[in-house]
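Peer 1: Generate a structure from the sequence data that follows.
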Amino acid sequence: MKYPVKRYTQTITILADGTTANADTTALYGFLVGVKAVVPALVGTTTLTITIKDTNSTGSTIYAKASIAENAPFAAFIDANNYALRIPLDGVQNITVTASNAQTGTAAPIPVVLLIER
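Peer 2: Modelled structure (predicted):
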């Protein structure tokens, strides 16, 4: 296999006056080795949380990152214990983005990229 890491992109839009939005992915198989996002300027002094849940079993959270700064790129390749990120994926995942403040009067599209090693 020439390129074992595949990129999956899902844009999740927080609607005007909202704080949270989510979307299901297509079926993903392999190991999650990176999470990236470009967080736009948001309303107020806002931070973002990205949560990924496994929809195939118990709806367990498999990855979460809080306090992501607005108006900046974000990338994570290590877990909370400073080990390389390597989380098994075996089907549809749910990605949720949550802003710390309501996005008054404007929608906020957030492109989230998952890097998956096959």
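
Peer 1: Run through the bridge partners of the residue nearest the centre of the chain.
Peer 2: Against the mean C-alpha coordinate of the chain, by CA atoms, centre = their mean, the closest residue is residue 50 at 4.5 Å. For residue 50, the beta-bridge partners are residue 65, residue 97 (DSSP bridges).

Peer 1: which residues touch it?
Peer 2: 35, 37, 63-65, 68, 74, 95-97, 112 (CB atoms under 8 Å, 6 or more residues apart in numbering). Yep, even glycine has a C-beta here, placed from its N, CA and C like the rest.

Peer 1: Okay, now the unreliable bits of this structure?
Peer 2: 1, 57 (pLDDT under 70).

Peer 1: can we see that at 90?
Peer 2: For the chain, the stretches with pLDDT under 90 are 1-3, 38-46, 56-59, 70-72, 78-83, 103-106, 118.

Peer 1: for the chain, longest strand please?
Peer 2: Counting by DSSP state E, the longest strand found in the chain is strand 20-39.

Peer 1: Report all helices and strands that that strand contacts.
Peer 2: strand 5-14, strand 47-54, strand 61-69, strand 72-76, strand 87-99, strand 108-117 (3 or more CB pairs under 8 Å, 6 or more residues apart in numbering; DSSP states H and E).
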